[in-house]
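Asks: Predicted structure and sequence below. I'll ask about it afterward.
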Amino acid sequence: MMVARSDTKFINFLHQELSLTTADIAVALRHRELERGPLPMLLWQYGLVDLEQLERIFDWLENQI
């Protein structure tokens, strides 16, 4: 499983701010490779984050631009 450099800050955010486990993130990354979907939506689709956490993710991503 390859993780792009640009994903490193995002993955750190998921670990530190949302307390997602490495296993949770690995599931979403695996599905992203298969389905080519955006990581935040895959995290939500597979029940790894709730809607409030998804909103926090989008807010964080928006602030990174």
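Replies: Right, received. Where do you want to start?

Asks: only C-alpha atoms for contact and neighbour calcs from this point on.
Replies: OK.

Asks: Flag the shaky bits of the chain, pLDDT-wise.
Replies: Counting by pLDDT under 70, the chain has low-confidence residues at 1-6.

Asks: Next, count neighbours for E52.
Replies: Per other C-alpha atoms under 10 Å, the neighbour tally for E52 reads 8.

Asks: element containing it, please.
Replies: Per DSSP states H and E, E52 falls inside helix 51-63.

Asks: Helix, strand, or coil at the closest residue to L42 other than its chain neighbours?
Replies: With C-alpha to C-alpha, 6 or more residues apart in numbering as the criterion, L42 has its nearest non-adjacent residue at 5.8 Å, and that residue is A28. Using DSSP: H, G, I helix; E, B strand; the rest coil as the criterion, the local structure at A28 reads helix.

Asks: pretty sure A28 is touching L39, no?
Replies: Yes: using C-alpha atoms under 8 Å, A28 makes contact with L39 at a distance of 6.4 Å.

Asks: So for the two, which residue has more residues nearby?
Replies: Higher neighbour count among A28 and L39: A28, with 22 against 18, using other C-alpha under 10 Å.
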